Structure formats: structure tokens, C-alpha cells
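Trainee: kindly return the folded structure for what I paste below:
(2 chains)
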Protein chains: 2
Amino acid sequence: MNINLKEKFNKISNYWHPYIIGELNDNFVKLAKLNGELVWHSHEEEDEMFVVLSGTLMMDFIDKTVTTKPGEILIVPKGVQHRPWTNGEEVKVMLIEPKTTQHTGTNKVAQTVENLEWI
Amino acid sequence: MNINLKEKFNKISNYWHPYIIGELNDNFVKLAKLNGELVWHSHEEEDEMFVVLSGTLMMDFIDKTVTTKPGEILIVPKGVQHRPWTNGEEVKVMLIEPKTTQHTGTNKVAQTVENLEWI
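Mentor: The predicted structure is shown next:
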């Protein structure tokens, strides 16, 4: 039941590809390495929680950009357009979000991960 | 939407008292400082996630004790009897669990926090 995040991150080599490491009732716990930017999207029914473990997560919203560092968390409420990006460094995040959450919402692009895998 | 965990922990002076810092659909995100031990209990319908931020969290289960350190997470499945304790040091944890979760399950004791507050 104990999950070591570093061991799990060692299994991830691609960016913007979340992998499942645990489940919590109707939610998945996921890890992802980020570098560059993802597309604008929203999740109509799902709040999304980012726990930043290393690096600085930049999150664009329509009216502002929010910077989140290790020791901080960011909760993106359902229905809110957002675009995560990084500022020239790799960022490691843990995500907690409902199992129904689609990676890039209804905005399907080449980066979109359709089928989630456990690691 | 950005939440600084250190700032929130600075507002907590009592042990084994979880405070709410965020919500995520049907779940609360909580912080707690731990020192000593809590009672044996289980949550019949709720999985419970512990993110250890400092110190070493000890968790007794019926058949084993699991040690969780910073960089590790522990998910206690619903229905599983458990007892959290610490080994002579303060432990800081972030909890993610359904809003319906009772602090010490059905095992109500003096330590039990009945009414959760936001900080």
C-alpha cells in the first residue's frame, strides 16, 4: 500500500503522459513529468489537483498565470479553462482527479493520452 | 487556487486534528500534524490517502506495520483497520479522502474531531 514516488518516476520517460499509481474511491492518483506545454482545455465535471514535487508548474488561466512550486498545491476547478506549461525545466507532478477525467478534456490533440496505464 | 502548505501548517498547533485546505469533487484535502498515536479504526466506505510531507508516519495494520516517509504515499483501503502513530517526532501529512470520512471511523474517542474546519 506504500508507494514510493521516485521509484515510479524512474519508470516514466515521456512528457505530458500521466500514469496511474493508485486509486482512491472514484479517483486516480497519477504521476507525470512535464516539459514544454499542453493545450488549453477544461474538465467539465472534474476538479483536478496538482501536487508539485519538483520544478515550477506554470498554469495559464484566461485572466492570469499561476505559479506552483514544491510545497504548494493547485486545484483547478471543474469547467475552468487552463493550460499547463513549464519554464525551461522538467516538472514532476502528482495528480489526483476523478477516474472519468479526460487528459485534455474535449480538446483532443496529438499529445492526448486516451488510455491510461498503471505503473 | 494555489495553496502553500507551509503557510497552512503554521496555523496548526494541535496534534491529530485535521483541517481542510481544499476540496476536490467529493473529497476534502486536509493537513494534520501528528505526534503520538491515534486509536485503531477503519472507514467502511472510504479509501484514505496519506501524503507524508515531513517525518516518518508509522501505520499499524492487523498483520504488519508500514513506514511511510516524505516522497512516499500510503493509501489505506476502505474497511481496513489501521492505527497511525509516530516514532518520537512530529509528522506532517496531507490527507485526501471523501468528505463523508469520519476521523476515527465509528470508534469515537476523546481525540476524535467531529466538526472539520477550514484553515
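Trainee: and the residue nearest to A:Q81 when sequence neighbours are not counted, what's its pLDDT?
Mentor: Setting aside the residues directly before and after it, A:Q81 is nearest to A:S42 in space (Cβ to Cβ, 6 or more residues apart in numbering or on different chains), at 4.8 Å. Where you see a C-beta, it was placed from the backbone N, CA and C, and this is true even at glycine. A:S42 carries a pLDDT value of 93.
Trainee: output the set of residues of chain A in proximity to chain B.
Mentor: A:1-6, A:21-27, A:29, A:46-49, A:51, A:66-68, A:71-78, A:94, A:96-98 (Cβ under 8 Å from any Cβ of the partner chain).
Trainee: among those, which are in strands?
Mentor: A:2-4, A:21-24, A:27, A:29, A:48-49, A:51, A:66-68, A:72-76, A:94, A:96-98 (DSSP state E).
Trainee: pull out the buried members of those.
Mentor: Buried members of these, scored by 16 or more other Cβ atoms under 10 Å in any protein chain shown, are A:3, A:21-24, A:27, A:29, A:48-49, A:51, A:66, A:68, A:72-76, A:94, A:96-98.
Trainee: tell me the contacts of A:G22?
Mentor: Applying Cβ atoms under 8 Å, 6 or more residues apart in numbering or on different chains to A:G22 gives the contacts A:I3, A:F28, A:V29, B:M49, B:I73, B:I75.
Trainee: and for A:S54?
Mentor: A:P70, A:E90, A:V91, A:K92.
Trainee: among those residues, the buried ones, what's the PyMOL command?
Mentor: Remark: buried members of the contacts of A:S54, expressed as a PyMOL selection using 16+ other Cβ under 10 Å:
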select buried, chain A and resi 91+92
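Trainee: please tell me how far A:H43 sits from A:L34.
Mentor: A:H43 is 17 Å from A:L34, where distance means Cβ to Cβ, to the nearest Å.
Trainee: hang on, I meant A:F9
Mentor: In terms of Cβ to Cβ, A:F9 sits 12 Å off from A:L34.
Trainee: any stretches of chain A with poor pLDDT?
Mentor: Applying pLDDT under 70 to chain A flags residues A:1.
Trainee: point to the residue nearest the middle of it.
Mentor: Computing the C-alpha centroid of chain A and ranking residues by Cα atoms, centre = their mean puts A:L95 first, at 5.0 Å.
Trainee: ok, the spatially closest residue to that one that is not a sequence neighbour - contacts?
Mentor: Spatial nearest neighbour of A:L95, chain neighbours left out: A:K30 (4.3 Å); criterion: Cβ to Cβ, 6+ apart. Residues near A:K30 by Cβ under 8 Å, 6+ apart: A:P18, A:Y19, A:I20, A:I21, A:M94, A:L95, A:I96, A:E97, A:L116.
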